[in-house]
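Chemist: model this:
(one chain, ligands or ions: 2)
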Amino acid sequence: MKNFLLILGIIFSNLVYANECDQLIVNGSFENSPARPSIWETLPGNDETSLPGWKTLGEGVEWSSHVSASGGSKIYTPDGDYVIDLNNYYSKNGGGIEQSFPTKIGAKYLVTFYAGTQKNYNRNGTAKLNVMIGDEHYVYNLKTERSDAIDWTYFSFSFVASQASTTIKFTTDTSSLEHFTVLDDVNVVPLNKPRAILVN
Ligand SMILES: [Ca+2]
Ligand SMILES: [Ca+2]
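Modeler: Ligands and ions are numbered 1, 2, ... in the order given. Here you go, the predicted model:
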């Protein structure tokens, strides 16, 4: 009987993990909090409560609503009303956020997010985004000539978990007086669902 229950448990857990709608990231679009800023807010580093699901790193981040740009212009967001700028306020060294989530050792996951920057308010239109997950470290160099809005790019990559808990970190180490490094719509989903591949 014990073995039967164990097998049932394994089957059930595989079914759960086979569902690509299983979102492992909490508050990946930065929308959920009773304390959402009406315009924008600067969050210090090492803050584990202001932005539910996330802990801020380094010198913190800015949490902005879509109405935060000055002069009545808007931040057009890929998802919802709120984004995070990893270049916090007057920080010369940037900042970041991190979140840990449960993973199965050896299982494959898909990470997706939007990142962007813009060339205005004396910022030069470039950004350096570091994404660290498990033992992997990606560096994305963003560049735009756009000055009227954030120039968003959709990014995705897969990774294989090596631990029962995995931490993802988004950081920048650039000066906030020269760069915007804006992030939205972070998703991590399991990828071990059988997939059809078209061959012709
Ligand atoms: Ca959002
Ligand atoms: Ca900023």
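Chemist: looking at it, residue 143 is touching residue 125, isn't it?
Modeler: Yes - Residue 143 is within contact range of residue 125, at 6.2 Å (criterion: CB atoms under 8 Å). Just so you know, the C-beta spots here come from the backbone N, C-alpha and C atoms, and that holds for glycine as well.
Chemist: joint contacts of those two?
Modeler: Counting by CB atoms under 8 Å, 6 or more residues apart in numbering, the contacts common to residue 143 and residue 125 are residue 117.
Chemist: neighbour count: these two, which is higher?
Modeler: Shown here are residue 143 and residue 125; by other CB atoms under 10 Å, residue 125 has more neighbours (18 against 12).
Chemist: wait, the more buried one sits on residue 118?
Modeler: Yes - checked against CB under 8 Å, the pair residue 125 and residue 118 is within contact range at 6.7 Å.
Chemist: now for these two: what residues contact both?
Modeler: Applying CB under 8 Å, 6+ apart, one finds that residue 125 and residue 118 are jointly contacted by 144, 146-147.
Chemist: next SSE after the lowest-mean-pLDDT helix or strand in the chain?
Modeler: The helix or strand of the chain with the poorest confidence is helix 2-17; it has a mean of 45 (mean pLDDT, DSSP states H and E). Towards the C-terminus, the helix or strand next in line after helix 2-17, according to DSSP states H and E, is strand 40-43.
Chemist: need the contact partners of that next one.
Modeler: For strand 40-43, the external contacting residues (CB under 8 Å, 6+ apart) are 50-51, 56, 60-65, 68, 88-89.
Chemist: partners of the helix or strand that that strand is followed by, with directions?
Modeler: Following the chain from strand 40-43 toward its C-terminal end, the next helix or strand by DSSP H and E is strand 55-58. Partner strands and pairing direction for strand 55-58 (DSSP bridges) are strand 95-102 (antiparallel).
Chemist: C-terminal to the partner strand, what's the next element?
Modeler: strand 108-117.
Chemist: can you name every helix or strand that that following strand contacts?
Modeler: Applying 3 or more CB pairs under 8 Å, 6 or more residues apart in numbering; DSSP states H and E, we find strand 108-117 packed against strand 126-133, strand 136-143, strand 151-160, strand 165-171, strand 182-190.
Chemist: that strand pairs with which strands, parallel or anti?
Modeler: Note on strand 108-117: by DSSP bridges, its sheet partners are strand 151-160 (antiparallel), strand 182-190 (antiparallel).
Chemist: need the per-residue pLDDT for residue 198.
Modeler: What the model reports as pLDDT for residue 198 is 67.
Chemist: make CSV from the strands paired with strand 108-117 and add mean pLDDT, mean neighbour count and distance to ligand 1 to it.
Modeler: As requested, the strands paired with strand 108-117 are exported to CSV (pLDDT from 0 to 100; neighbours: other CB atoms under 10 Å; distance: least, CB to the ion, whole Å):
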stretch, mean pLDDT, mean neighbour count, distance to ligand 1
strand 151-160, 96, 15, 11
strand 182-190, 97, 22, 4
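Chemist: in TSV, list the ones you listed along with distance to ligand 2.
Modeler: Converted to TSV, the strands paired with strand 108-117 look like this (distance: least, CB to the ion, whole Å):
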stretch	distance to ligand 2
strand 151-160	15
strand 182-190	8
